[in-house]
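>>> mind folding the following:
(one chain, ligands or ions: 1)
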Amino acid sequence: MIDLRSDTVTRPTAAMRQAMAAAEVGDDVLGDDPTVAKLEQATAEILGKEAAVYMPSGTMTNQVAVRAHTEPGDEILLDANAHVYYYEAGAPAALSGVMCRLLAGVRGIFTGRDVRDALRPRNLHFPRTKLVCIENTHNRGGGSVWTLEQIADVHAVARDAGLKLHLDGARIWNAAVALGVREQEIARWFDSVSVCFSKGLGAPVGSVLAGTSEFIERARRFRKQFGGGMRQAGIIAAGALYALEHHRERLRTDHENARWFAEQIAGIPGIQLDPTTVQTNIIVFDVTSMPAEAFGRALQEAGVLVLARGASEVRAVTHLDVTRKQIEQAVEIIRKILQQRSVMNAAPDA
Ligand code: TLP
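Reported below is the predicted structural model:
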């Protein structure tokens, strides 16, 4: 199977498994796991933050951040397609009791003006707006990249209004490679940053939330409350550490593969896609000659997995476990399926 559903599907490499097997461990809830401590420190350093805390998932790091920045009844501002809102099972409402005010970004990217327009006057009737969330790269936006200027623009308005800024940086590694900057140049605009090791970096488990020491101390309490305190977590943290050290640079290859894939399929009749919008490892396109779900099923029968996300929308993601040769095969399979389809569509009814 050529699995293009997500960059979360990667299996740990042999070297990563070795690092995991050899990890020194301890009870992390008691603060005794040296490998977790090393991962937290290394990540904080890369992001230019004072402190960091390891958790089982990106959903948890995001939601602990939302909880730690707000009180029930507060409001947070974020793009209508933000993972924090769209894909986290209603957690802002369920776990933090906050309201989500949705901004209409373009491919997940909104402006300082959008934030300013959403601000409310100080008044007894309104929820208190506390937090702005940005996602970089933006998943539903098709792996789109916020530039530093776009972030700075939102930052200026947020600061002016006394709002905190959180970055869902599940794929900050891809954003840094695409922008040609160090991760901390992105992270410095944010009060808190959530990063994932289990996406493009190819580790089996885990995310880190980074920020000031005071904020991370508060976040540790909510991690415990949300059930995210783990014991000998060094076993999995070692995989994340390995990924951090060895798999960041190679993301460039995933981006090249994604762009090449996009350029090839964009020319196939029945596919609607502007390949220049593909900036990182996520390709979102529309299938116009058959329903996306049927397209997904036909691809699966031919050995390729993608995600059908709507009536016509499909997502494919490149990653560590898919080679250029497999991408070439996937293009040919897509070409064949859509060619067959166009012949079927053209045939007169029996
Ligand atoms: N995204 C997954 C699915 O949930 C959609 C994927 O396959 O892309 N932030 C962003 C931007 C993400 O894309 C994801 C995962 C998360 C947070 C949540 O991470 P986990 O799955 O570790 O909770």
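
>>> just the pLDDT at the residue in the stretch 101-250 of the chain positioned nearest to the ligand, thanks.
The ligand sits closest to residue 170 of the stretch 101-250 of the chain, with a gap of 3.5 Å, by CB to the nearest ligand atom. Heads up, the C-betas are built off the backbone N, CA and C, glycines and all. We note a pLDDT of 98 for residue 170 in this prediction.

>>> ok, and the closest non-adjacent residue to it?
residue 196 (4.1 Å; CB to CB, 6 or more residues apart in numbering).

>>> mind checking the SS state of residue 10?
Under the three-state scheme (DSSP: H, G, I helix; E, B strand; the rest coil), residue 10 adopts coil.

>>> ignoring the adjacent residues along the chain, who's closest to it?
Per CB to CB, 6+ apart, closest to residue 10 is residue 202, 4.2 Å.

>>> could you tell me the phi and psi values at that neighbour?
phi 80, psi 10 (degrees, to the nearest 10).

>>> what residues are up against it?
7, 10, 12-13, 16, 243, 247, 319-321 (CB atoms under 8 Å, 6 or more residues apart in numbering).

>>> so what does the closest residue to residue 312 other than its chain neighbours look like in phi/psi?
Nearest non-adjacent residue to residue 312, counting by CB to CB, 6+ apart: residue 286, 4.5 Å away. Backbone geometry at residue 286, expressed as degrees, to the nearest 10, gives phi -110, psi 140.

>>> unless I'm mixing things up, residue 286 is touching residue 272, no?
Yes. Using CB atoms under 8 Å, residue 286 is in contact with residue 272, at 4.2 Å.

>>> residue numbers of this protein in contact with the ligand?
Within the chain, the residues that sit near the ligand (CB under 6 Å from any ligand atom) are 6, 8, 57-59, 62, 83, 87, 135, 139, 168, 170, 196, 198, 207.

>>> quick one, which of the residues you listed are buried?
6, 57-59, 62, 83, 135, 139, 168, 170, 196, 198, 207 (16 or more other CB atoms under 10 Å).

>>> closest to residue 278 among these?
residue 139 (13.6 Å; CB to CB).

>>> which residues are in contact with the closest residue to that closest one other than its chain neighbours?
Excluding the flanking residues, the one nearest residue 139 by CB to CB, 6+ apart is residue 83, at 5.5 Å. When contacts are counted by CB under 8 Å, 6+ apart, residue 83 touches 58, 62, 135, 139-140, 168, 170.

>>> so which of the residues you listed sit within helices?
Judged by DSSP state H, helices contain the following of the contacts of residue 83: 58, 62.

>>> tabulate the contacts of residue 83 (a markdown table), appending distance to residue 236.
Below are these laid out as a markdown table (distance: CB to CB, whole Å):
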| residue | distance to residue 236 |
| --- | --- |
| 58 | 14 |
| 62 | 19 |
| 135 | 24 |
| 139 | 23 |
| 140 | 27 |
| 168 | 21 |
| 170 | 17 |
